[in-house]
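1. Predicted model and sequence below, questions to follow.
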Amino acid sequence: MNSTSQIHQTLRDSAGIRWMVLLFLAFAMFCSYIFMDILSPIKDLMQSTRGWDSTAFGTMQGSETFLNVFVFFLIFAGIILDKMGVRFTAVLSGAVMLVGAVINWYAVTESFQGSGLETWFNNNLNYIPGFDELGISPFYEGMPASAKFAAVGFMIFGCGVEMAGITVSRGIVKWFKGREMALAMGSEMALARLGVATCMIFSPMFAKLGGVIDVSRSVAFGVVLLMIALIMFIVYFFMDKKLDAQTGEAEEKDDPFKISDLGSILSSSGFWLVALLCVLYYSAIFPFQKYAVNMLQCNLVFTEVPADSFWATNTVTVIQYLIMLVVAAAAFASNFSKRASMKNGLLVVAGVALVIFCYMGYMRQSAETVFAVFPLLAVGITPILGNYVDHKGKAASMLVIGSLLLIFCHLTFAFVLPALKESAVGGIVVAYLTILVLGASFSLVPASLWPSVPKLVDAKIIGSAYALIFWIQNIGLWLFPLLIGKVLDKTNPQLVADLQNGVITPEEAAVSYDYTAPLVMLACLGVAALILGFVLKVVDRKKGLGLEAPNIKE
Ligand SMILES: C[C@H](N)C(=O)N[C@@H](CCCCN)C(=O)O
C-alpha cells in the first residue's frame, strides 16, 4: 500500500466526517457561549430578585476570567493542551465548564437563599489579602452572597470555556490543516455567535416561564446544554483517537511544550501588536454584550405588551427563534453556494427573514430580542470573510475597518440612542441598524485576527501562542465588565442614592441608568485598537509579516 492510499483511508480525508467532527466541536462551543452570557439579558431580574446592583453584576460577570488571568490558568491550559493533546483537553474542559456551571446555578436558586452556605458567603470573602490591596479581588464587602458564590462557579466555568476555546482551535488545525481551515474556523465562530443570540432569546423566556420569575431556570437551561457539550467532546475524543490510530501519530508528542517557546513568542513585535489589538477590541465587545440588553432597556422606551396578547406568548418566542435560524442558515449556506442564482436566492431569504425577525422584536417590545440580532450578521459573514482572508488577504486592513465600525457603534449608542428615546420607532430602527453594524465589525476582526496568528509564530508553538493571546485578552475581559459596572454606579449617583433610600424600586432603578460614560469608555478602546491597527499595518510592511497577504497562494 503506498502512502497516498494510506492517507485516503484516514477519517479526516472524508469531507463528511471532517465536517461532522467540526460540528461536534462547534456545537460544544455553541453551548458554552450560551452559558457565558446566560445572565446578560436578565440583569434587571438579577437586580430585582437577587439584589445584584450594577457593581455586583459586573463583579460576578468579570469573575469568569479571574483564575485564567491571576492564577495563570490559561497558561497552564496551553501547557496541558501541548502536553496531553486535543482530545484529553477537550473532555477536561467540558467537565470543568460543567462543574462551574452547576455551582453558578445553585448560587442563584431559591434553595441557596437562607441556607447555611449563604450565611457563610455573607460572613466570608469580604477581604482577600493582597488581592484587595491590588484592587483585583473578585469579591467585596457587601457583595450579595449569591453573587459571591455564583462568581466562584463562573470563574471555574471560565477556566473550562477558555481552555475549550484554544483546544477547539487546535483541534480544527489538526483535522483541517491543508484543507478548508479558515472556513472551518469561521464556521465554528459563526455557530458560537448563534449561541449568543439563542441565550438572548431563551434566557428571559425561561426566567419568566409561567408568569413566575425564577432566574435559576435560565441557568439550569445553560447547565443542560453544557452536559450536551461534554457529550460532544466525548464523541470527539473517540473520533480523534481513531484518527490517531489510523495515522499512527500520537499528536501530543508532535509538539512537545518547552518553556523557552513562550520566550520566542513574547519576543515577536507582531505577536504583541496582535495580542494588544485583541485585548482592546474584545474588551469593547464581550463586556458590552453583558450590559447591552440593559443599555437598550435604559435608552429605549419599551411598552409592556398585555399578558393576553399574542406577542406576549412563548409561542412567539419559539417562532421568532425559528425565523432567526432561517436567517442564520440561509446566510451561512450562501457562503458555500457555487451558483450565483442560488447564492442570491439564499441572501434574499436571509434578508426577508431578518426583517420579519426585527419586526417581531419590535412588536414584542423586548430589549433582549432587539439585541439578539447582534450575532446574526456575524453568522452570515464570518465564514465568507475567513474565506476572503484565505484567498485575498488584507487581514490588517480588516482589523482597522472593524475598529472604526466599533467606535462608530459605541458613539451612536452613547449619544444618538438617548436622543431618540421619545421616538418609539426611530429609536428601535437606529438600535437595530447599529447592532447589525457592530455585528459586522465582530465578523471582520475575529475572521482576520485569529488566522493571522500562525503568520507571526512558528507552527510548532501555535497552541501556546493562542493560549498567551487568550490570557492577555482575558485581562481585558476580566477588567471591563467590572469597570462598566463601577462606572455606571459612579456616574449615576442620584439613581444609586434613590435606590438606597427607597425613593425608587429596584425594578425602576434597573432600567434607569445613563450609559453614556461606559459607552464612551468602550469607544476609547476602539480608538486605541484603531491606532494599533495602523501601527500593525506599518510593521507588517516593514517586517514583511505577510498579514496583508492571502493564506493560500493560488
Ligand atoms: C472569548 C475567547 N477568548 C475568544 O477570544 N473567542 C473568540 C474565538 C476564538 C476561537 C475559538 N476557537 C471569539 O471571537 O469568540
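-> It's in. Numbering: from 1, shown residues only.
2. So is the helix or strand harbouring F202 next to the ligand?
-> Counting by DSSP states H and E, the element that carries F202 is helix 181-207. Yes - judged by CB under 6 Å from any ligand atom, helix 181-207 and the ligand are in contact via E188, M189, A192. Every residue, glycine included, has its C-beta placed from N, CA and C.
3. Residue numbers of the stretch 201-350 of the chain in contact with the ligand?
-> Y282.
4. And for the stretch 451-554 of the chain?
-> Counting by CB under 6 Å from any ligand atom, the stretch 451-554 of the chain sits next to the ligand at F470, Q473.
5. what's the burial count for the single nearest residue of the stretch 451-554 of the chain relative to the ligand?
-> Nearest residue of the stretch 451-554 of the chain to the ligand: F470, at 4.7 Å (CB to the nearest ligand atom). F470: 25 surrounding residues under other CB atoms under 10 Å.
6. K174 too?
-> Quick note: K174 (other CB under 10 Å) scores 19 neighbours.
7. Surely it touches V86?
-> Yes - taking contacts as CB atoms under 8 Å, K174 lies within contact range of V86: 5.9 Å.
8. Give the helix, strand or coil label for the residue nearest to Y281 when sequence neighbours are not counted.
-> Using CB to CB, 6 or more residues apart in numbering and skipping the chain neighbours, the partner closest in space to Y281 is A529 (4.7 Å). Under DSSP: H, G, I helix; E, B strand; the rest coil, the three-state class of A529 is helix.
9. Could I get the pLDDT score of A529?
-> Looking at A529, its pLDDT is 96.
10. Any regions of this structure where pLDDT drops low?
-> Within the chain, the stretches with pLDDT under 70 are 1-8, 250-259, 459-460, 551-554.
11. Which parts of it are strands?
-> For the chain, applying DSSP state E gives no strands.
12. one step back: so what secondary structure elements neighbour the helix holding F202?
-> When contacts are defined as 3 or more CB pairs under 8 Å, 6 or more residues apart in numbering; DSSP states H and E, helix 181-207 sits against helix 15-36, helix 145-176, helix 215-247, helix 314-334, helix 367-371, helix 374-391, helix 424-449.
13. Neighbours of the closest residue to L225 other than its chain neighbours, how many?
-> In this structure, L225 finds its nearest non-sequential neighbour in C31, 3.9 Å apart by CB to CB, 6+ apart. C31 is flanked by 29 other residues according to other CB under 10 Å.
14. Let me see the contact set for C31.
-> Residues near C31 by CB atoms under 8 Å, 6 or more residues apart in numbering: G195, G222, L225, L226, I228, A229, M232.
15. What about the residues you listed, which one has the most neighbours?
-> A229 (29 neighbours).
16. I'd guessed that one sits against A95; true?
-> No - applying CB under 8 Å, one finds A229 not in contact with A95, separated by 10.1 Å.
17. From the ligand, how far off is F35?
-> As defined by CB to the nearest ligand atom, to the nearest Å, F35 lies at a distance of 13 Å from the ligand.
18. these two touch, right, that residue and L226?
-> Yes - between F35 and L226 a contact is recorded at 5.7 Å, counting by CB under 8 Å.
19. which residues are common contacts for those two?
-> M97, A101.
20. want to throw the residues of helix 181-207 next to the ligand into JSON lines with neighbour count and distance to A182?
-> Converted to JSON lines, these look like this (neighbours: other CB atoms under 10 Å; distance: CB to CB, whole Å):
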{"residue": "E188", "neighbour count": "26", "distance to A182": "11"}
{"residue": "M189", "neighbour count": "26", "distance to A182": "11"}
{"residue": "A192", "neighbour count": "26", "distance to A182": "15"}
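21. Take those residues and write them to a markdown table, including distance to A90.
-> Output for those, formatted as a markdown table (distance: CB to CB, whole Å):
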| residue | distance to A90 |
| --- | --- |
| E188 | 13 |
| M189 | 17 |
| A192 | 15 |
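22. Quantify the burial of L322 by counting its neighbouring residues.
-> 11.
23. likewise K148?
-> Quick note: K148 (other CB under 10 Å) scores 24 neighbours.
24. How about it, nearest residue that isn't a chain neighbour?
-> Using CB to CB, 6+ apart and skipping residues adjacent in sequence, the residue nearest K148 is F121, 4.7 Å away.
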